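have a look at this prediction, sequence included:
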Amino acid sequence: MKVICTERSQILATRLAKGLKAEIVDVKFSRFPDGEHFLETGKLDDETIIVGSVVDSDSLVQLVLLVDACESSNNHLVLPYMAYARQDKKFKEGEPVSARAVARVLSGGVTDIITVNIHDETILRHFSVPARNISIARDLGSWIQNLELTNPLILAPDDGAMAFAEDVASSGGWECDHLEKTRLSGETVTIAPKKVCVTDRPVVIVDDIISTGGTITTATRMLYQQGATDIFAACVHGVLTGGAYVRLLSGGIRDVACTDTIERGCSKISAANEIARSLRNP
Ligand code: R5P
């Protein structure tokens with residue numbers, strides 16, 4: 001068994017290969033003069049773990065080409081981050097179900113698929129090969145443990161993210177709640193935890209994705225007004241678009257951690273251990 005990866009998942013794939021004690025295959029990536037992607041793999045094995053986060057359209061094309069280049073092998077696809085997953089339904093007539101479109105394309109040429117904290121597990125039904133989702137909530141919990149905070153409150157930005165936040169919180173036995181928006185008037189909205197008071201305690205806001213960071217930045221300002229001492233943010237997928245990292249730090253977040261499902265300077269947590277565990281015990 002060998003591991004192979006696209007350009008955007010080199011660090012995670014290398015960690016995974018080390019964890020599996022497997023060789024990683026060299027791939028030469030290039031482009032034709034018109035901008036089309038091209039690649040050439042080194043020597044493959046009978047069984048291949050293909051690792052490729054879809055973070056944008058280029059990485060999607062590169063992954064499709066890589067799977068095709070591995071056609072002689074039995075391929076297991078690791079899809080650490082799947083862009084387009086948030087458009088998982090038609091919100092109005094004429095729109096695509098982008099998650100379904102991407103899932104269909106990525107089902108070709110592979111035997112099975114592993115996703116990591118996919119935006120919504122119902123998306124798995126759009127793959128035409130067996131697909132399973134793993135959670136790295138426990139690894140986010142370990143990062144929080146290392147902060148050595150006294151009595152932290154783990155906060156989900158909304159009700160929908162509560163199950164994930166509960167998983168993170170249970171790894172350290174911490175209290176957990178979710179933020180709730182209350183409209184006070186046409187212009188004024190407050191954001192506060194639904195049940196728990198944050199006065200004089202540190203808070204860690206956790207989510208599957210941080211995209212613009214808008215939700216967390218607004219919440220941070222209000223949580224400090226409510227007496228929180230220190231606020232941290234951790235997520236699985238650091239999309240961090242449009243200057244989000246800067247906005248979070250200048251908004252008062254003490255530290256931001258994301259994982260290597262999207263490889264960033266603040267990828268302080270790795271998904272490699274959980275992926276390796278899942279590959280060993282499917
Ligand atoms: C939404 O469904 C996701 O789980 C995140 O809560 C969302 O993507 C965060 O967005 P932003 O960082 O832009 O506020």
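Received it, and whenever you're ready, just let me know what you need.

residue in the stretch 1-150 of the chain with the shortest distance to the ligand?
Among all residues of the stretch 1-150 of the chain, residue 86 sits closest to the ligand, at 5.9 Å; criterion: CB to the nearest ligand atom. Just so you know, the C-beta spots here come from the backbone N, C-alpha and C atoms, and that holds for glycine as well.

show me the shaky parts of the chain.
Scanning the chain for pLDDT under 70 picks out nothing.

what residues does it put near the ligand?
Counting by CB under 6 Å from any ligand atom, the residues of the chain close to the ligand are 86, 157, 161, 207, 208, 209, 210, 211, 212, 213, 214, 215.

quick one: contacts for the first one?
Counting by CB atoms under 8 Å, 6 or more residues apart in numbering, residue 86 touches 99, 119, 209.

nearest residue to the last one other than its sequence neighbours?
Okay, so that is residue 209. residue 237 (4.7 Å; CB to CB, 6 or more residues apart in numbering).

downstream of the helix or strand the one you found falls within, the next helix or strand is which one?
Following DSSP states H and E, one finds residue 237 within strand 231-238. Next helix or strand after strand 231-238 toward the C-terminus (DSSP H and E): helix 244-250.

which element follows that following helix toward the C-terminus?
Following helix 244-250 toward the C-terminus (DSSP H and E): strand 256-259.

name the strands paired with the next helix or strand after that following strand and say parallel or antiparallel.
Counting by DSSP H and E, the element after strand 256-259 in chain order, helix or strand, is strand 267-269. Here strand 267-269 is paired, per DSSP bridges, with strand 256-259 (parallel).

contacts for the partner strand?
Contacts for strand 256-259 (CB under 8 Å, 6+ apart): 116, 136, 139-140, 143, 210, 232-238, 240, 245, 248-249, 264, 266-271.

let's see it as PDB, backbone CA atoms only.
In PDB, the C-alpha atoms belonging to strand 256-259 read as follows (Å, rounded to 0.1, in the frame of the first residue of the first chain):
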ATOM      1  CA  VAL A 256      -6.900  30.500  16.400                       C
ATOM      2  CA  ALA A 257      -6.200  26.800  15.600                       C
ATOM      3  CA  CYS A 258      -7.400  24.900  12.600                       C
ATOM      4  CA  THR A 259      -6.300  21.500  11.300                       C
END
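
how about residue 14, phi and psi?
Taking degrees, to the nearest 10, you get phi -70, psi -40 for the backbone angles of residue 14.

neighbours around it, how many?
Residue 14: 16 surrounding residues under other CB atoms under 10 Å.

ok, it - contacts?
5, 24.

just checking, which of the residues of the chain next to the ligand belong to strands?
Under the assignment DSSP state E, the residues of the chain next to the ligand contribute 207, 208, 209, 210 to strands.

can you pull the contacts of residue 5?
By CB under 8 Å, 6+ apart, the neighbours of residue 5 are 12, 13, 14, 24, 27, 50, 51, 52, 66.
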